[in-house]
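S.K.: Here is the input, now give the coordinates:
(chains A and B)
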Amino acid sequence: MKKLITHSLGIPFMVVTIFLGCQDLDIVNQNQPDEQRALASPGDLESLIKGSFLSWFDAIQSSTPNMSLAMPSDTYTCGWGNFGMGALSTEPREILINTSSSGLRGVMEGPWFGLYGAISAATDGIRNIEAGNVTLGDDNERALGFAKLVQGLSHGYIALMFDKGFILDESVDLASGILELVPYTDVMDAAITQLEAAIAIFNANDFTLPNDWINGKAFTSAELSQMAHSFIARYMALLPRDKTQRAAVNWSSVLTHLDAGLTEDWGVIGDGAGRSSVWYSGTHWYSSQWNVWQRVDYKLIGPSDESAGYTSWLGKAPADRDEFIMETGDKRIWDGTLSADGTQNPGSQMLQIGSTTFIRASYGFSRYGHDRFKEVTTSNNAVPLVLFRMSENDFLRAEALMHTGGSTSTIAALLDKTHVGDGGYASTSGLALGSINDAPDPKHDAATLWSVLKYEKNMDLLGTWSGLQYWEKRGWGDLTTGTLIHFPVPAADLETMGLQLYTFGGVGLPGGAPKRRSEIGEDQSEWNLRY
Amino acid sequence: MRKRLKQAIDENKSFENEGNKKMRKLRFGTLVLMLIPFLLLNLSAQGTDYITGKITDSKTGKPLPGTNIFIELTNYGAATDIDGNYKFNVGSGFASGQTVKLTARYIGYRSQTQQLALEPGATTQDFALIEDALELDAIVVTGVVDETPRTNLTISVGHVSSEALERVPAISVETALRGKVAGVKIVAGSGEPGSSASVMLRAPTSINSGGRSQDPLFIIDGIIIDPSISGSPLSDINADDIESIDVVKGAAAASLYGSRAANGVVNIITNRGKRLAVNQTKIRFRSEFGFNDLIKGYPLNQSHWFRIHEGSDTYVDANGVKVTPGDFIDKTGNFVDPREKGVASRTGDRYTKNYDPDNPDAGQTMAQIFFSDKPYKYISTGDITVDPSNLKPILDASTGQPLGLELLPNGTYMDNLMQFFDPGQFRLNTASISQNTDVTNFNFAISERKETGVISGLVGFERQTARVGIDHSLSDDLTVSFSGFYSRVAQDDISTGVGSPFFGMAFMGGDADLTKKHLEEGTITKVYNAQTGYPTGIPREVGGELFILPDPIAERTNPFYEPQVADRKNSRNRIMGGLTFNYRPFNFFGLEGNFSYDRSNREYSRFFRIGYQSAFDSDITLGRYQKFPEFDESLNGSMTASFRKAFLNEDLIIRSKVRGLFESTELQTTYVEGNDFIVEGIKDLLAADPKKTHINSSMQQVRSNGLSMITAMTFRDRYIFDFLIRRDESSLFGPDERENNYYRLSGAYRLSEEPWWPMKDLIQEFKIRGSQGTAGSRPNFFARYETWAVNEGSVAKSTLGNKGLKPEFVTETEVGLDMTFLGKFSLELTRANSVVVDQLLQVPQPSYVGYTSRWENAGTLETSTWELGLQGSLIQQEDLYLTVAFNMDVTDQTITKLGIPAYVATSPATQGLSILRIEEGVEYGSLFGAKYVHDVNKLLDAEKSVTSAELTQFQVNDEGLVVWVGDGKSWKDGISGKLWGTQGVLSNGETYEWGMPVRYEGLDQKKLAAGDSVYTEQFIIGSVVPDFNWSFSGNLDYRNFSVYALFDAQVGGDVYSRTEQWGFGIEQRSGEADQAGKSDATKKPTRYYNQSGGTSERFIFDGSFVKLRELSVKYTFDETQLRGALGLNKLSLGVVGRNLFSWDNYDRGTDPEVGISNGSTGSAVISKIDSFTYPNFRSFTGYLEIEF
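M.R.: Down below sits the predicted model:
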């Protein structure tokens, strides 16, 4: 009996135990591949390069830095502090805390790490192709050109936003040491070189992208070339940190690139997944959710006010500013739907709405909401997200002419497209050129072509592309005093490389914040009245 | 025998020759050797020689049923029957006149060993046992070679005996442990019914526990449960099933468990009927029922700063509204309701007469100079009806005021707290049957528990469990044991932290009626448009339903809404089983095979019906259904060969064990979400918009092998030496570091057993002990892998792998002394130092590398702990019995090496609060933030120092903060002198705002130049580490009455209140901001608080407390009183209060015992952050216990 029990129960039990004890400990991670598995086939390599564009898009169009930058540009306002929206638009402007524990770290880390992630992926893609690790056959040039495009787009945005950056391409051997940070101008030079390299490949080949590489449209190589040209023009115009640099831009080169650039609106199509979207833009999604998210800042629309409201508002200390109803002749604004007795009416893009519900600083209150992207939310983000409007070409062209002594009538004709067409104003023909020091002003009693350009460009392109109004106002010298002109390298990366932390921003503080008053010799009261 | 041995070896060879080539690969060669003796047939045989006797209480003479009695170092033994009698046979030929040691062991009594000459035939030996109130002979089985009485331990092992557990019924493992063992830190970070407390033994071992836990390894009846994998099992277990708990606190003791034991081990042993008398059957029921209550609330601001009509007259405004005293008005005197959008522009509504921006006094330029000191008049959700043609309110003909206004009851404020919290009920029913026979003992228990918690609208926690434990002797030398457990849990899944209902609750004004519903019944009736305030797609409020924003000024969702309308549930099923064969063919040699299985299925489901309202998530209004099913499954197996023998005339006893084991765990998670449902009320993901359906999944597999050997040597019962080694290999380690070795060396010297011990009357037991041991903490599953993220059809770098990743390695040295003195007291004093090297840290990579981070072994955490346990058996009389216990521990914990840049850890559920400073040379648990100046003279030392002459411009205000007041002014002059809102510039170029606290700030250029990455505006401002913890318990039995009380305390250590920090923000809902009742001299404006909105010392509070944790009173009717009524043996009636009182200084929250258990610190013991959590509460219950 005992033998039976021992053999029938004990032995099998032990054998099972020991058998299981022979288990293989080389467990494969079935959730994410490693490099070898991720890049095993030509299709994988294409996925890597394709994904690098999405990484670029995601790094800049998400809530950070897209919404983060919209607030300090004083074009949108928001009651909440998410994504640095509150801290970066505080008045008076404050120093940016650049530590790895700062609540604002995401504003910098999101784009910084995201863009270098995109650059790294594109560079890995090029390396693998050049090393012959996989063969893409006829699609080789398509992949190479697209990867170069991503390298250039990403380096370009780094140069716009940060004071320094790394330059990474397939010629850099990371195994030999760490990269050095170089000034933003060098980074932009590299970006333009990479974009031009992409253009050369696009021009030398004839191919069509799959429609999910840039979501929603199968771009041809010719269209990609146009896109690269337009981005070079945009980047060149937006790079300057002040108006002197802006005037010194090689505007004839900008015009050359515009001539070879886009001929229709460019963007991606949202993927229709609502808040879970991957192809998603922060300001597009939140702009029409104006109960707690974005409203339009008076500093953008106020210049169109024909009552004393905006002047009065500007005349107060920021802390005492409060919401008010404008009387505007701009047909893009209002639709408070009062009757035809001469009072306000249309409002094709911006609606007069209820009182601000949020209670953050009252200088951020506004009775106006941006209604232009409402389909983005109502369609669950399944509509085109236009990121480069054709009117931007016109505005860049107009500004290039302004800087280079071009024809004022040509400039006026370019501005009138939106000024007359959308704003319902009279033609700007006959207005004086003015200067880059002019404040935005669409009204013709004191306006100049410069003041109309500033007003029209930011009105029409509001929310279109991440940081656009911020970079514009920086170059025009129109940022509110103390706004940081560019961001420091995120503390997380500085710490990793053992570098010293630094930062920018804050009224009168060192470290790169614009000292507007000393620069242009204005006193504070005049400054308040104008901006 | 030799023939059989050879035969067995031959059998084994042929087994191998048959082609099981895997056997050769075995690193467990020892297991093969173990097989050999196992295959031997039993050589012992039944005999007719036996020992018999009776075991009684030495004082009362009463029999002690269920006493274990056995011959030392043999398999021969038995238990006493109901009359205290025993009888057992010994093997044929064993009784040959030799002297043997016969030991009787009964829980609650000192063990007794008698030497007797064992002659063939019958031998009789009686025992009279002495009570062991100090539990000196309690048996420990964890971390040691074999069952070991506490007196013979070389290490410190906490033990919670069945007797301790019986005094006051535990309702959870946590309550069973609390206050019983020194060095056990338990923090219930959340009071949510069914949530598990964080348990930490002695000190933390990991700087970054991301994906892991600082909780100990739990073992339940031999089944290993790693909280890093399957979560803490504490809330699955019915505490009534527990017979005893061993707590092995650090590596010096827990090395036996190798690379999973750095956090220590809690070994839970459940009832198996073993303690019953032979042939006794016991049926037991227990029913407990009671209710809960908040320990205390926390103060909210019940005042506002809006402009009101402060006169006593009544007038009609420009809109025809009759304005009465206390009504909200705008600055032109028109009636406004700041809570109804679109009625009027609220320009100016925020201002009180204390500061008027339209008529500022000279120099007043600052914003937010409002004084929150006005009482509310109306309930905010008055549902004012607006005439859409002119946007003016429709007036009530009788009152002349807008329709829908509703006065606050009795002119008071709404008590948000008491609206939201609702004392719930507690119910626990258990039943068990157990039996002990000659060959089988078992216990079968079932339980049912329901706890509704304290939140209105929630169901709470429901759990059913069933447990069985059986030991059966197939023969004298072969025993098979089975343990089985099943539990089913359903509980609410209320969200906590920022954005949760608790968050919403903390921001409701004193006029917000959380229970108020819209007037209209039925469908959606109110869709705000551009005119009235909101566009389509933004919060829509439904007639007959709760107001989403009962206080729209607060911009926070009604805390009632989610619990009442959303359907958020967690459910889980757990099944555990363990099978053990114990085969002991020789007295000196035995084998044990164990195989255990643990599976936990969990599902989190959240259903938001069509029309669900969210103030901030417009995407949810067409319905959302989320399901997170997941399961983990663990298989463990082990084979143990044990050896025990006496040498040197039985002066030396050696016991040894060799064990091989394997573990295999799999964890699978799935996430599915559907949005935009086309049919109302359907929980079918096919009914969702396919474009808005999201899926995700993840799988982890972990496999490990281990081999250990432990040997204990006892010489003359007073020189004790213990040695163990263990080798672990695991799939979690990098392939280059697959094998890791651990050891322990320990010894003890029982001086009091020496013949020369001079103080036997004074000190009965005196032992010194020392141990050094090592253990590990394994990386999380993902840590070692290089990963690329695959998303939306593209791939991108994620984390850089590390093939050399190895476990954290802790070396702990423990010394201590154990003594009993005066016959009434026992004392255990332990000092433990541990050094945890190779910390697993997530090292960020430079941006251009593309990979975000890499897990590396860097950094060292050093800790040291003093532990003191003192027990006293003050009175031991037949009718009166009094014992007391006092435990205390002190812990230091310092990051002595980091190896990566210093950083501040971010805590979950806090919206990015980064406050725990991780820096070399800094105490682990240090809090980091802004610091205020408290001493005027310190301004001279500040980087931006003021001159001595300017010091007179600063004063210390009533809150102990240095504020700037200017020359000749007092901090009390703010309102009378109209100074709030003014400012001045001093010689250092700094601008100071009047009356505002001065903080240390600005970049320290010197430090930056030195490469220090610290901004001086951030300092170490506190620490969560207590100065010490203590607990005190007392148990008094008088006749049939029994009273038990447990106090426990934390002395020192800080709590950081994220809740209070947010309350200082724009809504100013902190009670601190309430200025009602203050004098003008001490009133502070809103800006005074808002300026403190960042992470700062102002939100650090003393976490000290003394709590009356448990108070129990019980009366037991014994057999003589019951006289066999209903067949009852025993009936007890009792009342228990838990968490009854807390004496603390924490007035900003409900309880200083608070924390966040997940995140990189992995324990609420470290992340003592109060961030809108489910509050801990107290309970009062009564119970009935009967036994048949």
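
S.K.: show me where pLDDT drops low in chain A?
M.R.: A:1-22, A:275, A:291, A:319, A:335-345, A:355-360, A:506-531 (pLDDT under 70).

S.K.: and the residue nearest the centre of chain A, what does it touch?
M.R.: Geometric centre of chain A, nearest residue: A:Ser466, 1.7 Å, by Cα atoms, centre = their mean. Neighbour list for A:Ser466: A:60-61, A:65-66, A:69, A:157, A:281-283 [criterion: Cβ atoms under 8 Å, 6 or more residues apart in numbering or on different chains]. No exception for glycine: its C-beta is placed from N, CA and C like everyone else's.

S.K.: swap the cut-off to 6 Å and go again
M.R.: Shown in contact with A:Ser466 (Cβ atoms under 6 Å, 6 or more residues apart in numbering or on different chains): A:60-61, A:66.

S.K.: State the distance from whatever residue of the stretch 351-500 of chain A ends up closest to chain B to B:Leu116.
M.R.: In the stretch 351-500 of chain A, no residue comes nearer to chain B than A:Gly354, which is 3.0 Å away by Cβ to the nearest Cβ. A:Gly354 is 96 Å from B:Leu116, where distance means Cβ to Cβ, to the nearest Å.

S.K.: What is the neighbour count of A:Gly132?
M.R.: Neighbour count of A:Gly132, defined by other Cβ atoms under 10 Å in any protein chain shown: 7.

S.K.: can you tell me how far it sits from chain B?
M.R.: 20 Å (Cβ to the nearest Cβ, to the nearest Å).

S.K.: and that residue, what helix or strand is that in?
M.R.: Here A:Gly132 sits in a region with no helix or strand, counting by DSSP states H and E.

S.K.: Got the phi and psi for it?
M.R.: A:Gly132 has phi and psi values of phi 70, psi 20 when expressed as degrees, to the nearest 10.

S.K.: before we move on, back to that, by neighbour count, which of the contacts of A:Ser466 wins?
M.R.: A:Ile60 (27 neighbours).

S.K.: that older thread, neighbour count: A:Gly354 and B:Leu116, which is higher?
M.R.: More neighbours surround A:Gly354 than the other of A:Gly354 and B:Leu116, with 23 against 16 (other Cβ under 10 Å).

S.K.: Could you check how far the more buried one is from A:Trp290?
M.R.: Counting by Cβ to Cβ - A:Gly354 and A:Trp290 are separated by 9 Å.

S.K.: now A:Ile192
M.R.: From A:Ile192 to A:Trp290 the distance is 38 Å (Cβ to Cβ).

S.K.: now check stretch B:933-945, is it near chain A?
M.R.: No: shown here: stretch B:933-945 not in contact with chain A (Cβ under 6 Å from any Cβ of the partner chain), separated by at least 12.3 Å.

S.K.: so B:Lys969 sits in a strand?
M.R.: No: under DSSP: H, G, I helix; E, B strand; the rest coil, B:Lys969 sits outside any strand and is assigned coil.

S.K.: residues near it, how many?
M.R.: Using other Cβ under 10 Å: B:Lys969 sits among 18 other residues.
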